[in-house]
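Q: task: produce atomic coordinates for the following.
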Amino acid sequence: MAEPSLPAAIGVFDSGVGGLSVLRAIRSQLPCHPVIYLADQAHVPYGARTQDEVRAYSEAITRYLLSQGAQLIVVACNTASAAALYPLRAAFPDVPFVGMEPAVKPAAEHTLSGVVGVLATPVTFQGALFASVVERFARGVTVLTDTCPGLVGQIEAGQLNAPETRAILKRALQPMIERGVDTIVMGCTHYPFVIPLIQEIVGPRVEVIDPAPAIARQVGRMLDSRGLLSTCDARAEVSFQTTGDSRRFEEMLPRLLGEGDRVKYVQWESDI
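A: This is a model prediction of the structure:
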């Protein structure tokens, strides 16, 4: 099938900077495709919101990204995926969505000790998506969970290796280590940015799984299935946008992505 004259634009959203870990993988694997990235920092963290609130935010953001020309939407937030992915697919039946789910399946396949740890937000653990993944793929495996209270805020503030960040992670990880965990799953898109610190705490014998590369591969497969996949050596532009402080977001980009750019401020017409 012939490639489209212009590569399809990908819309990506998260409550904040966490989805940049997914964007990083998309940029690596699908450099031709322009990306519209929206950080809903006016409402970060989603993990502290109700499911109804997260669904309302997600639907409004989807409508906005589609109005900006996005042809595929990546819900680059585990909390939003758990709360809103099924409703989004029902509300926008013609739009392809790629969502996040904790990488319990590969963790269950790779564990030797039979003990897997998942770090995620409360809404992620409460959603039917997480329960379904555990039921389907983790039978016979002990799945330990922790919500890491305060960690998203530390990452949003750029405190990737601060003493408080380390304390949050040690409190979450030490009980897992004592129970023989050998695989840790990142169940929140913010958390891959502290993988070096996590690895330092758990040691080299514990595998830490970042789902972002698998999500980028799924984006490629979905684009290909619709005849929208483009391949080239050039890197398309990313439009960085936030409902929060654009200057602060700009300051975070070089540290998290290794590249900087201007960030556009987008104002909510009303607070949902």
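Q: pLDDT weak spots in the stretch 1-150 of the chain?
A: Residue ranges of the stretch 1-150 of the chain with pLDDT under 70: 1-5.
Q: recalculate using a threshold of 50.
A: The stretch 1-150 of the chain contains residues with pLDDT under 50 at 1-4.
Q: which residue ranges of it form helices?
A: For the stretch 1-150 of the chain, the helices defined by DSSP state H, counting those that start in this stretch cover 20-29, 51-67, 78-91, 104-110, 122-126, 128-137.
Q: so for stretch 207-225, mean pLDDT?
A: Average pLDDT, stretch 207-225: 96.
Q: buried stuff in it?
A: 207-216, 219-220, 222-223 (16 or more other Cβ atoms under 10 Å). C-beta coordinates here come from the backbone N, C-alpha and C atoms, glycine included.
Q: just give me the closest of those residues to A39.
A: A212 (15.9 Å; Cβ to Cβ).
Q: from V219, how far off is that closest one?
A: 11 Å (Cβ to Cβ, to the nearest Å).
Q: repeat that for V95.
A: Distance check for V95 against V219: by Cβ to Cβ, it reads 13 Å.
Q: which residues do the two both contact?
A: Residues touching both V95 and V219 by Cβ atoms under 8 Å, 6 or more residues apart in numbering: L72.
Q: between the helices of the stretch 1-150 of the chain, which gets nearest to E164?
A: helix 122-126 (19.8 Å).
Q: now do the helices in the stretch 151-272 of the chain.
A: Going by DSSP H, counting those that start in this stretch, the stretch 151-272 of the chain shows helices at 151-156, 163-178, 195-202, 212-225, 246-257.
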